[in-house]
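Q: sharing a model that was predicted from the sequence below.
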Amino acid sequence: MASRGLPRALRCARVAAPRSVLSSALPRPALAKAAAAAAVPRMTINQQPIRGLKSITFADSTETVYEREDWPREKLQEFFKNDTLALIGYGSQGHGQGLNLRDQGLNVVVGVRKDGASWKEAVQDGWVPGKNLFDVDTAVEKGTVVMNLLSDAAQSETWPALKPKITKGKTLYFSHGFSPVFKDLTKVDVPEDVDVILVAPKGSGRTVRTLFREGRGINSSIAVFQDVTGQAKEKAIAMGVAVGSGYLYETTFQKEVYSDLYGERGCLMGGIHGMFLAQYEVLRERGHSPSEAFNETVEEATQSLYPLIGGNGMDWMYAACSTTARRGAIDWSSRFRDNLKPLFNELYDRVQDGTETQRSLDYNSQKDYREKYEKEMQEIRDLEIWRAGKAVRSLRPENQK
Ligand SMILES: NC(=O)c1ccc[n+]([C@@H]2O[C@H](COP(=O)([O-])OP(=O)(O)OC[C@H]3O[C@@H](n4cnc5c(N)ncnc54)[C@H](OP(=O)(O)O)[C@@H]3O)[C@@H](O)[C@H]2O)c1
């Protein structure tokens with residue numbers, strides 16, 4: 001079977017992977033964003049270290065990247081010594097960023113709905129009601145840096161109540177450009193007298209936490225939406241390091257939200273799921289068994305090829321596969337690109353004109369959105385491809401114990 005050991009395409013490989021690359025722990029496909037970002041610094045040229053920032057040439061364009069070396073824990077503690085970091089919302093990002101900030105020895109309070117799922121999780125993580133765990137309003141009142149990590153729909157819903165509490169001199173922090181960029185739709189019009197900054201980790205909050213605990217750091221984007229003190233950028237860099245980032249890439253709120261909405265609907269999630277389904281369905285309709293269709297579509301991709309592409313690049317992948325696979329893959333890549341590019345342009349247009357934002361707000365602010373979402377998840381779980389996948393995964397040696 002193609003999924004046993006190396007895939008067929010690779011069995012004839014004549015190009016050896018660099019040992020260091022093959023032996024390193026390759027990121028899971030679910031962390032593709034972090035993986036892509038993590039892979040970049042290793043391929044850089046023209047590095048000029050200056051106080052923890054690097055001027056790095058990515059392909060033909062030079063960008064500034066900030067790194068955490070310039071911000072040891074003592075410096076972070078000194079920088080934020082007069083601050084209370086009020087972290088509002090304790091979903092994936094709240095959990096990861098909050099625990100990292102607490103471990104950095106900074107003064108953090110968490111604000112969530114009393115007795116909601118997040119409240120219980122925060123208590124389990126050692127946040128103490130009345131000491132560093134409060135309802136949202138109280139936490140915002142206490143905070144000098146208000147970290148809005150509510151769901152994007154909830155940021156919009158709660159804004160009328162929160163805005164008056166974000167008073168002059170405070171800093172407003174986001175991990176997504178969504179709310180302020182699409183303010184005509186979200187109604188999140190930031191106060192004019194506060195710094196507004198962004199740190200957007202390129203991965204799940206769970207990864208933010210795991211990498212920090214391992215002594216590594218996730219890559220994040222940083223941006224400034226509004227700078228009233230002249231210190232907004234420095235604050236964004238310091239916050240980025242404080243929440244557990246290794247490298248910080250500078251962007252704008254608008255570019256962050258456009259690329260993020262576009263990417264997750266495209267190659268990161270929606271597009272890749274669509275490709276999996278289309279390929280699997282054709283194989284099944286042409287008489288292939290579920291295991292063969294799954295192995296040829298998902299298992300070989302996620303278990304072998306995608307991690308290798310993540311570690312070494314597509315050029316390496318072409319060089320490492322059989323001549324037969326290489327010829328066909330190169331030919332068909334341009335067919336797929338030409339056919340898919342109009343769809344990607346349509347997607348970008350819908351992101352840019354706010355259609356995707358409106359759709360997300362409308363859907364996620366419905367009272368019964370969790371039930372509807374659960375119904376959709378059940379439909380996905382019930383798809384033959386993912387039921388076949390469950391059986392295939394159970395046969396992996398590591399799942400045989
Ligand atoms: N998840 C990621 O991978 C990721 C990556 C980068 C950036 N971000 C950004 O980070 C931010 C937070 O995302 P997330 O995924 O961590 O969290 P999320 O799951 O989207 O949001 C969960 C939090 O919002 C709270 N919440 C929802 N509705 C509420 C309401 N009406 N009133 C008060 N609280 C409400 C929940 O509290 P209850 O438990 O009480 O419902 C929970 O604490 C977003 O801006 C997101 O775009 C996320």
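A: Thanks, I have it.

Q: could you show which parts of this structure are in contact with the ligand?
A: Contacts of the chain with the ligand, taken as CB under 6 Å from any ligand atom, map to 89-94, 112-113, 116-118, 136, 149-152, 154, 157-158, 175-176, 178, 200-201, 204-205. The way it works is simple: take the backbone N, C-alpha and C, and place the C-beta from them, glycine included.

Q: quick check, pLDDT for residue 57.
A: Looking at residue 57, its pLDDT stands at 80.

Q: for it, identify the helix or strand it belongs to.
A: strand 53-58 (DSSP states H and E).

Q: try residue 393
A: Counting by DSSP H and E, residue 393 is part of helix 384-394.

Q: so the nearest residue in space to residue 209 that is not next to it in sequence, which of the three states?
A: Closest residue in space to residue 209, ignoring its immediate chain neighbours: residue 96 at 3.9 Å, by CB to CB, 6 or more residues apart in numbering. The three-state assignment at residue 96 reads helix, by DSSP: H, G, I helix; E, B strand; the rest coil.

Q: do residue 284 as well
A: Recorded secondary structure, residue 284: helix (three-state DSSP).

Q: state the distance from it to the ligand.
A: Distance, residue 284 to the ligand, by CB to the nearest ligand atom, to the nearest Å: 32 Å.

Q: which residues sit in contact with that residue?
A: By CB atoms under 8 Å, 6 or more residues apart in numbering, the contact set of residue 284 is 290, 293, 384.

Q: and the strand holding residue 57, what does it pack against?
A: strand 61-67 (3 or more CB pairs under 8 Å, 6 or more residues apart in numbering; DSSP states H and E).

Q: quick one: buried residues of the helix or strand following the strand it packs on?
A: The first helix or strand that comes after strand 61-67 along the chain, using DSSP H and E, is helix 73-79. Neighbour-count burial for helix 73-79, counted by 16 or more other CB atoms under 10 Å, picks out 76, 79.

Q: quick one: contacts of helix 73-79?
A: Under CB under 8 Å, 6+ apart, the answer for helix 73-79 is 71, 104-106, 238, 241-242.

Q: redo that, cut-off 7 Å
A: The contact list for helix 73-79 (CB atoms under 7 Å, 6 or more residues apart in numbering) reads 104-106, 238, 241-242.

Q: likewise for stretch 97-108?
A: If you take CB under 7 Å, 6+ apart as the criterion, stretch 97-108 is touched by 73, 76-77, 80, 83-85, 87, 90, 110, 125, 132, 149, 205, 208-209, 212, 242-244.

Q: in strands only, show me these.
A: Under the assignment DSSP state E, the contacts of stretch 97-108 contribute 85, 87, 110 to strands.

Q: dump those into CSV; add pLDDT and neighbour count as well.
A: Converted to CSV, the ones in strands among the contacts of stretch 97-108 look like this (pLDDT from 0 to 100; neighbours: other CB atoms under 10 Å):
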residue, pLDDT, neighbour count
85, 98, 27
87, 98, 29
110, 98, 32
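
Q: nearest to residue 145 among those?
A: residue 85 (4.8 Å; CB to CB).

Q: report the contact partners of residue 283.
A: 293, 296-297.

Q: what residue ranges in this structure score low on pLDDT?
A: For the chain, the stretches with pLDDT under 70 are 1-53, 401.

Q: which residue is nearest the middle of it?
A: residue 203 (2.7 Å; CA atoms, centre = their mean).

Q: now that one, what's its secondary structure?
A: Secondary structure for residue 203, judged by three-state DSSP, is coil.

Q: so it touches residue 218, yeah?
A: Yes - the pair residue 203 / residue 218 is scored as a contact, 5.4 Å apart, by CB atoms under 7 Å.

Q: longest single strand anywhere in the chain?
A: Using DSSP E, we find that the single longest strand of the chain is strand 218-226.

Q: got phi/psi on residue 115?
A: Torsion angles at residue 115 (phi, psi; degrees, to the nearest 10) stand at phi 70, psi 10.

Q: residues near it, how many?
A: 9 (other CB atoms under 10 Å).

Q: same deal with residue 192?
A: 9.

Q: ok, it to the ligand distance?
A: 22 Å.

Q: show me where the stretch 251-400 of the chain has its helices.
A: For the stretch 251-400 of the chain, the helices defined by DSSP state H, counting those that start in this stretch cover 253-265, 270-285, 290-294, 300, 306-312, 314-320, 323-352, 355-364, 369-382, 384-394.

Q: my guess is residue 216 contacts residue 245, does it?
A: No - the criterion here is CB under 7 Å, and residue 216 misses it with residue 245 at 10.3 Å.

Q: could you find the closest non-adjacent residue to residue 361?
A: residue 153 (5.7 Å).

Q: I misspoke; the intended subject was residue 112.
A: Here the nearest residue to residue 112 in space, its sequence neighbours aside, is residue 118; by CB to CB, 6+ apart that works out to 4.2 Å.

Q: buried ones in the strand or helix carrying the one you found?
A: Residue 118 is part of helix 117-124, with elements assigned from DSSP H and E. Of the residues in helix 117-124, 118-119, 121-122 count as buried by neighbour count, 16+ other CB under 10 Å.

Q: repeat that for stretch 348-367.
A: The neighbour-count check on stretch 348-367 (16+ other CB under 10 Å) flags 348, 350-351, 356-357, 360-361, 364 as buried.

Q: smallest gap between the stretch 101-250 of the chain and the ligand, at which residue?
A: residue 116 (2.4 Å; CB to the nearest ligand atom).

Q: list the residues that contact residue 326.
A: Shown in contact with residue 326 (CB under 7 Å, 6+ apart): residue 318.

Q: quick one: contacts for residue 256?
A: 177, 198, 200, 221, 223.

Q: next: residue 63.
A: Counted by CB under 7 Å, 6+ apart, residue 63 has contacts 56, 249.

Q: do you know how far it is from residue 378?
A: As defined by CB to CB, to the nearest Å, residue 63 lies at a distance of 43 Å from residue 378.

Q: do residue 239 as well
A: 39 Å.

Q: same check, this time on residue 306
A: 27 Å.

Q: from the chain's centre, how far out does whichever helix or strand comes after the helix holding residue 118 sit?
A: Tracing the chain C-terminally past helix 117-124 and defining elements by DSSP H and E, one meets strand 133-134 next. Once both centres are worked out by CA atoms, centre = their mean, to the nearest Å, strand 133-134 turns out to sit 26 Å from its chain's centre.

Q: many thanks, I have nothing further to ask.
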